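Visitor: Generate coordinates for the sequence data below:
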Amino acid sequence: MKKKKSINNKQSKDYVKICPNCGSINVSSESYNIGIRDVCKDCRHGSIQESLFINDLIYFPEILESDIEEFRKEIIKKKENKKD
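Guide: Residues are numbered from 1 along each chain as shown. So this is what the prediction gives:
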């Protein structure tokens, strides 16, 4: 029996939603009257801040599982640069 190919002939890749504040993948989506937001269960960072204007939205990116450690290293670098 032959393996079936995906529609676009690419292997499917595993993406995960990740917190842009701490790098945790322990993220959930919460529903409110105004919509849905992502929340990190580890640091409680949320995708909707004080107001509902577009500029105040913070998106939780979806990245490949294999890129998690690199993403976390970038977060540490950015936080260190803010301290200086």
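Visitor: other SSEs contacting the helix or strand harbouring Ile63?
Guide: Applying DSSP states H and E as the criterion places Ile63 in strand 62-64. When contacts are defined as 3 or more C-beta pairs under 8 Å, 6 or more residues apart in numbering; DSSP states H and E, strand 62-64 sits against strand 15-17. Just so you know, the C-beta spots here come from the backbone N, C-alpha and C atoms, and that holds for glycine as well.
Visitor: Pull out the buried positions in the strand it packs on.
Guide: Using 16 or more other C-beta atoms under 10 Å as the burial criterion, the residues of strand 15-17 that qualify are Lys17.
Visitor: what lines up beside it in the sheet?
Guide: strand 62-64 (antiparallel) (DSSP bridges).
Visitor: Not counting its own residues, what contacts the strand it pairs with?
Guide: Contact with strand 62-64 is made by 13-18, 71, as judged by C-beta atoms under 8 Å, 6 or more residues apart in numbering.
Visitor: Now do the contacts for Cys22.
Guide: With C-beta under 8 Å, 6+ apart, Cys22 has these contacts: 40, 42-43, 45, 75.
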